[in-house]
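>>> following is a predicted model, sequence given first.
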Amino acid sequence: MGLFEPDTDIYRDRDALREDYQPTEIIGRDDELNRYISALQPVINGDQPNNIFLYGKAGVGKSACTRYLLDELKQDATRHDVTLSTIFTNCEDLNTSYQVSVELVNELRPPDDQINTTGYPQHRVNEMLWEELDSLGGTVIIVLDEVDHLRNDSILYQIPRARANGNLDDAKVGIIGISNDFKFRDTLSSKVQSSLCEKELQFPAYDAEELRAILRQRADTAFYDDVVSQDVLALCAAFGAQDAGDARQSLDLLMEAGDLAAEENVEELTEYHVREARSRMEESRVKDGIIGLTDQGKLVLYALLMTEQAGKTPTRARELQARYELVCDRYGVSPLVPRRMRDHLNELAMLGIANSNERNEGEAGGRYYEYELATDRELLLDALSDTVDNVGDPERLKQQFQRS
Ligand SMILES: Nc1ncnc2c1ncn2[C@@H]1O[C@H](COP(=O)(O)OP(=O)(O)OP(=O)(O)O)[C@@H](O)[C@H]1O
């Protein structure tokens with residue numbers, strides 16, 4: 001027997017739990033799909049497509065629904081003799097309009113006719129883009145996923161206005177911009193807002209019932225019959241709804257629980273596997289978050305840990321500042337000014353390591369934020385000790401924490 005042997009006692013098709021698996025049916029998004037279908041309707045009538053801005057938190061089905069509807073639209077377009085092409089581009093690594101134009105030109109060109117990613121003036125790359133789009137002709141829908149990564153947004157009004165500006169004769173182009181940062185909309189110039197956000201669609205977070213239905217659909221494909229009970233799915237869904245209503249996170253939890261059950265060679269997933277998987281995932285999320293922090297971020301976290309240990313949380317940033325300065329002093333590091341220290345606190349909140357809650361004490365007290373840890377203290381301390389190298393000896397750090 002080899003070191004590796006196929007073991008498929010519980011999984012029929014584990015890949016069905018991966019995020020890149022495209023479900024054949026979308027669950028619990030009827031209202032959103034109906035609004036999306038209306039926004040895409042002009043395509044099937046042969047008219048200029050709407051530009052659509054789609055937003056909602058991570059894992060709420062924005063990409064899955066977009067891919068699903070564009071597949072359906074393509075099939076219906078063929079039936080109605082509408083020429084439709086779609087381009088799906090992720091802007092995660094594209095920061096400028098220039099990079100987006102180059103990426104689109106290369107998407108549209110054959111592999112042996114690609115252009116360099118640098119060296120052209122913007123207007124030349126745009127001309128190439130109009131040429132490619134016009135030679136494709138018909139209706140073209142360009143999906144820009146994670147569009148909030150763009151720091152320079154001119155392409156977001158140049159494409160929608162290309163026909164009106166006489167740059168395109170044959171192609172009718174529409175953009176679908178997808179973002180999980182709604183504030184991004186307010187950072188756009190008013191020109192871009194009015195062209196890109198012609199139709200706006202918001203996707204809310206999933207509740208536990210919707211997550212359970214999504215998990216059931218995937219579990220039926222991923223696992224053999226009777227491996228995953230309704231109770232196990234309900235627990236995964238409850239955790240998912242409690243966290244962020246994110247379907248991806250819930251699917252990851254189910255896969256981790258499935259892997260644990262597979263490791264144990266058991267034939268059924270239990271609630272124990274789900275709870276154990278959750279704590280493993282939480283541990284690695286915290287570790288990854290801490291590894292990515294700067295030294296100052298670690299010192300701010302350390303100050304918050306000490307404040308929590310002293311029973312003084314939730315705390316305001318200005319109350320934390322004194323303890324943070326003491327920590328800096330201990331490690332011979334210059335403290336940041338309060339505003340910068342607060343930025344680090346907010347980063348901890350963004351990573352889910354801390355909670356920040358808005359308080360409003362009316363006219364007299366005004367509006368302010370209070371912070372507390374969102375993660376188990378021991379777990380944080382271990383992760384901090386493992387990763388803190390520049391702010392001192394981990395053992396010393398632990399001892400100091402326990403003394404304080
Ligand atoms: N309504 C749904 N029905 C079936 N599967 C879904 C549904 N919503 C989300 N999923 C699945 O959950 C996972 C995450 O969804 P998706 O990638 O569409 O989220 P997103 O909102 O685009 O997130 P992000 O902004 O992080 O890219 C995918 O595997 C997707 O297939």
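That came in fine, so what should we check first? Residues are numbered from 1 along each chain as shown.

>>> can you show me the strands along the stretch 51-200 of the chain?
52-55, 84-90, 138-145, 171-179, 199-202 (DSSP state E, counting those that start in this stretch).

>>> go on, the stretch 301-404 of the chain?
Using DSSP E, counting those that start in this stretch, strands in the stretch 301-404 of the chain cover 315-316, 354-360, 367-373.

>>> go through these and name the closest to residue 345.
strand 367-373 (5.4 Å; CB to CB). From N, CA and C alone the C-beta is placed, and that goes for glycine too.

>>> nearest to the ligand within this structure, name that residue for me.
residue 61 (2.8 Å; CB to the nearest ligand atom).

>>> isn't that residue up against residue 247?
Yes - counting by CB atoms under 8 Å, residue 247 is a contact partner of residue 61 at 6.2 Å.

>>> more neighbours: which of these two?
Neighbour count, other CB atoms under 10 Å: between residue 61 and residue 247, residue 247 has more, with 26 against 23.

>>> residue 63 and residue 144 touch, don't they?
No - contact criterion CB under 8 Å: residue 63 and residue 144 do not qualify, at 11.6 Å.

>>> what touches both of these two?
The contact sets of residue 63 and residue 144 overlap at residue 178 (CB atoms under 8 Å, 6 or more residues apart in numbering).

>>> more neighbours: which of these two?
Comparing residue 63 with residue 144 by other CB under 10 Å, the one with more neighbours is residue 144, at 27 against 20.

>>> and that one, what are its bridge partners?
residue 89, residue 177 (DSSP bridges).

>>> report the contact partners of it.
89, 91, 100, 150, 156, 175-178.

>>> hang on, the earlier thing: quick check: the residue of the chain closest to the ligand vs residue 380, distance?
32 Å (CB to CB, to the nearest Å).

>>> ditto for residue 297
13 Å.

>>> higher neighbour count, the two?
With neighbours defined as other CB under 10 Å, residue 297 and residue 380 compare such that residue 380 has more, 24 against 20.

>>> picking that back up, okay if I get the strands of the stretch 51-200 of the chain as CSV plus mean pLDDT and distance to residue 289?
Formatted as CSV, those follow (pLDDT from 0 to 100; distance: least, CB to CB, whole Å):
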stretch, mean pLDDT, distance to residue 289
strand 52-55, 94, 24
strand 84-90, 94, 23
strand 138-145, 95, 24
strand 171-179, 94, 22
strand 199-202, 92, 28
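
>>> for residue 292, find the nearest of those.
Taking the strands of the stretch 51-200 of the chain one by one with CB to CB, strand 84-90 is closest: 20.9 Å.

>>> sort out which residues of that closest one are buried, please.
84-89 (16 or more other CB atoms under 10 Å).

>>> again, but for stretch 49-67
Of the residues in stretch 49-67, those buried (16+ other CB under 10 Å) are 49-57, 59-67.

>>> how confident was the prediction at the spatially most central residue of the chain?
Per CA atoms, centre = their mean, the C-alpha nearest to the average position across the chain is that of residue 58, at 3.9 Å. We have a pLDDT of 90 for residue 58.

>>> test my guess that it contacts residue 180.
Yes - in this structure, residue 58 is within contact of residue 180 by CB under 8 Å, at 5.0 Å.

>>> what does the chain put close to the ligand?
Those residues of the chain that sit near the ligand, judged by CB under 6 Å from any ligand atom, are 19, 21, 23, 26-29, 56, 58-64, 180, 214, 247-248, 251.

>>> domains of this protein?
Domain ranges of the chain: 30-202, 206-289, 292-403, per automatic domain parsing.

>>> return the distance of the last one from the chain's centre.
A distance of 25 Å separates the C-alpha centroid of domain 292-403 from that of its chain, computed with CA atoms, centre = their mean, to the nearest Å.

>>> same check on the longest one?
Per CA atoms, centre = their mean, the displacement of domain 30-202 from the mean C-alpha position of its chain is 19 Å.

>>> with the second one instead?
Here domain 206-289 shows a centroid-to-chain-centroid distance of 19 Å under the convention CA atoms, centre = their mean.

>>> so how far does it reach from one end to the other?
End-to-end distance for domain 206-289, by CA to CA, to the nearest Å: 24 Å.

>>> that'll do, ta.
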